[in-house]
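Participant: Model the structure of this input:
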Amino acid sequence: MYWPIRSFVLSFLAGVAASQLISNLPLIVKSPYLQSWIDASSVSSPDGAWSLFWTTRQHMGLVSYIQVDGTPYQWTGTDISSRPKLTATSVTPTRTIFSFEAGPMGFNATYLSPLDPTDLVRQSLPFGYYYVDSWSLDGKSHAVRFYFDITGELLSNDVSTDQVQWNTTQIGNALYHSMYLTSKQSLVDVADIVKDSTLYFVMENSAGITWQAGGSAEDVRSGFAAGVPSLLNRGNTNPRAIDDGWPVLSYQIDMGNITQTSNSIVGVLGLVRDPVVQYTTSGSIQIRSSYYWSAYNTIKDIIQDVVAKFDDVRSKAIEFDNKVLADGGAISSKYNDLISFSLRMTFAAMDITIPRFSNETVNTSDLKIFMKDIGSSGRVNPVEVIYAAFPAILYFNSTLAGSLLEPLLEYQTSSDYKNAYAAPDLGNAYPKVQGNSSDTTELALENCGNMLIMMLAHTLKSGDGSLIYHYYDLLKGWADYLEMNTLHPTGYLNADGEGIPNLSNLALKGILGLYAMGKISDTTGNSNDALHYQSQAQNYYSQWENLAVSSGHITSVYGNASNWGLIYNLYAAKLLGSDLVSDQIYTQQSQFYASQVDNAPKFGLPYDTNDFGKAKSHWTMFTAATVSDSSLRDSLISMVWQRASYNDTAAFPTTYDPYTGSAITGFARPQGAMFAPLALNIANKLTSAPPSTPPGQSTVKGKTNIGAITGGAAGGVVGFISLLGLAFFIRHTRRHMNEAFVHQPFSSHLVPDYSDSSTPLSKPNHATVHLSKNASSLPQGEHSTTGMHSAALSGSGGTGSDLRMEFEQLRRDVSALRTEHLQSIEPPPSYDFDSAHM
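Facilitator: Numbering: from 1, shown residues only. Below is the predicted model of the structure:
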């Protein structure tokens, strides 16, 4: 049975072109601190290299061997010189797959980072899988053993001082090692490695498995390579420094004589922290845990479930990949490469959090997402980074966008924040969310525009108007700031740090922010404000076009026809469906870009000729989504692809030299901008102004414990009476409503999955790499559909203690009802492309 399958897959793959070697491949990339990459920039192929943490270039110590008929081969790590022959590498949105030949045996080594932004339990779990499938190349049986180990570098970068302790546990279907610092420091991040983690190294408990914990890495590895039975199911329990003999957690699986593995050999790598963030607002400190604790009681429950559900997770990963790649394939194969390579980076930057109380109860109605600015500053919820990543977030689950934005909104309505403009972030000390009340006037236009655009985009794509309704006064204040300052920006910086007066792109962002406020006002029933902001946006845009357009293109700076740039903020107009910008402008600008592309540097157009030595992947992709010519779009995409597939030492940066490809900044930073073209296909949903209120039941593990929400009653008695009427109406209709909000998924068109995890990716005469053109060339995996999203709502100040108390209670009711709606989302049906996107 094996040979016909293998022959079919090889013939199918014969026509799949291989891309050039990619130096930094994501292995298990699942959270801000569980980041495992393979660096092959100094070797001829991705095997024979160490797994690394993305930024410190610190080894993770993840080592893998196969032994065939007594001959050892090592494919991660550099302890021995004998390597298997790498025949292919493929990257999908969820998986990186190496295909090897080790003497007479072939095998696939797959690294899976489960992604399902519509299933918050699965998405928030900080665990990834590695699994191996092997087969005979000559049809004969061979003696096969596998070996896997890891050391403690993920726990600290001070490997000579920090000591580690370890344990080994067998429970049900799982055997797992755990390792942690003897002196943990809660919520302390040093050089991007946090010092409060526990490392879990897990194997499915099966026949032929042996283990050892705490031995010297050199001794244990050399023993396996020499064929000595060195793993004796015992552990050295004496704590010591991470580099003191490199205490190792190890497994060996003796397969006996086989022609192929009947089942995948499955391992799991996890990095668990609890709590994950400390969030400070209104003078109070919240200790917040990951969302998955709403579904589990103990770490043993988690590990058993993660191991038991491997087959389900893998099949859903394939389904997920197929759906994404079917959508991306409608654009180009290189575009599919980009979305495959970037997606793990985007969602791994975020922690999905809820409060977890001392009695082990959790409150899922208070859902907040925090993003770390990986690859740059370590800032919390950096507004310009979220703005760049927003297309992917909207595309996969637009309700998550609200949970990511709400901490920024909540903080800026608290007494801790005094500025009249939007903050750039929530501080620079992730995972401590301390807020940022400093004077950031220079960034005010950038951040006000970003926030208003994102607020409207979230509302339109999710169908949830609650945030714009409850934070209306805050948003209005930002729009008023833009109205006074955006048309002639002087003394302001854009997201790229340019401070030249009268930057056309920055002015346009502010004008689109005003446009967004006009739509927000209209949606919330503030008709006078709507007319005002819409009129101002139209007036400013007309003036802007006269100021910014010269010699057939939009200039970088008003009135200077010799300079130009990527006017990436036109993307916001497309995303919001704005009629401000005429088709003529898009066509004219596309023609100008086309005139520059032929002589462009290899790795892309500079984002601005005033800063000519920098290309930016995210702004290039925003621009590609705005052009009116598909061949030009593909040319811009190809430039980003050239950098993503470039053999350099940095993990796909956002900023790099357009001539040499050398990375400048933004290593492994969220690259959600790769989904900019696809996000334009998401249909708008909002049909009414008030917060969405379908019925449902808030998901709370244990006793419900919803804390008080900071803030007072806006608008005094009039506001209170209005909200009282709204709450009464909601309470009344709640008993009668049966409809459910259904999340807008990405297209469910499937690419047929022809391959089997027991078959090679390809068998060329030399090592090749391709970022998958479609998922059909890969082993198996899956996709889930249930979406959960909730967020506590807060208002702004009021008067009268009695009224305030009653108002707060009503506001809690509204928040709970909104949560019930979002928590009650049912799995969506099978969507066809026409109904899901427009």
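Participant: Please make it C-alpha for all contacts and neighbour counts, starting now.
Facilitator: Noted.
Participant: Distance from stretch 112-125 to the middle of the chain?
Facilitator: In this view, stretch 112-125 has its centroid 10 Å away from the chain centroid, taken as Cα atoms, centre = their mean, to the nearest Å.
Participant: Sorry, wrong one. I was asking about stretch 552-564.
Facilitator: Between the centre of stretch 552-564 and the centre of its chain there are 35 Å (Cα atoms, centre = their mean).
Participant: Kindly report the same for stretch 295-308.
Facilitator: For stretch 295-308, the distance to the chain centre is 23 Å (Cα atoms, centre = their mean).
Participant: and the longest helix for the protein?
Facilitator: Taking DSSP state H as the criterion, the chain has its longest helix at helix 383-412.
Participant: what's the next secondary structure element after it?
Facilitator: Downstream of helix 383-412, the first helix or strand assigned by DSSP states H and E is strand 432-433.
Participant: Need the contact partners of that following strand.
Facilitator: For strand 432-433, the external contacting residues (Cα atoms under 8 Å, 6 or more residues apart in numbering) are 187, 277, 278, 279, 280, 380, 426, 427.
Participant: packing partners for the helix or strand encompassing the fifth one?
Facilitator: It stands for residue 280. Under DSSP H and E, the secondary-structure element containing residue 280 is strand 277-281. The helices and strands touching strand 277-281, judged by 3 or more Cα pairs under 8 Å, 6 or more residues apart in numbering; DSSP states H and E, are strand 284-290, strand 432-433.
Participant: Report the distance from the longest helix of the chain to the chain centre.
Facilitator: Distance, stretch centre to chain centre, for helix 383-412: 11 Å (Cα atoms, centre = their mean).
Participant: pLDDT averaged over it - what is it?
Facilitator: Across helix 383-412, the average pLDDT comes to 98.
Participant: Within the sheet, what are the partner strands of the longest strand seen in the chain, with directions?
Facilitator: Determined from DSSP state E, the single longest strand within the chain is strand 247-258. Looking at strand 247-258 with DSSP bridges, its partner strands are strand 142-150 (antiparallel), strand 209-216 (antiparallel).
Participant: Contacts only, for residue 227.
Facilitator: Here residue 227 is in contact with residue 70 (Cα under 8 Å, 6+ apart).
Participant: Check for me that it belongs to a helix.
Facilitator: No. Assigned with DSSP: H, G, I helix; E, B strand; the rest coil, residue 227 falls outside any helix and is coil.
Participant: and it, how far is that from residue 71?
Facilitator: As for residue 227, its distance to residue 71 is 8 Å (criterion: Cα to Cα, to the nearest Å).
Participant: go on, residue 370?
Facilitator: Remark: distance between residue 370 and residue 71 (Cα to Cα) = 48 Å.
Participant: returning to what we had before: winner for burial among the helices and strands packed on strand 277-281?
Facilitator: strand 432-433 (a mean of 22; mean count of other Cα atoms under 10 Å).
Participant: on contacts alone, who are the packing partners of the helix or strand following it?
Facilitator: Next along the chain after strand 432-433, taking DSSP H and E as the criterion, comes helix 444-462. The elements that helix 444-462 packs onto, with contact taken as 3+ Cα pairs under 8 Å, 6+ apart, are helix 383-412, helix 466-470, helix 472-485, helix 504-523, helix 570-576.
Participant: on that earlier part again, just checking, what packs against the longest helix of the chain?
Facilitator: Counting by 3+ Cα pairs under 8 Å, 6+ apart, helix 383-412 packs on helix 333-347, strand 368-371, helix 444-462, helix 676-679.
Participant: give the contact list for the closest residue to residue 132 other than its chain neighbours.
Facilitator: With sequence-adjacent residues excluded and distances taken as Cα to Cα, 6 or more residues apart in numbering, residue 132 is closest to residue 109, at 4.7 Å. Residues near residue 109 by Cα under 8 Å, 6+ apart: 97, 98, 99, 100, 130, 131, 132, 133.
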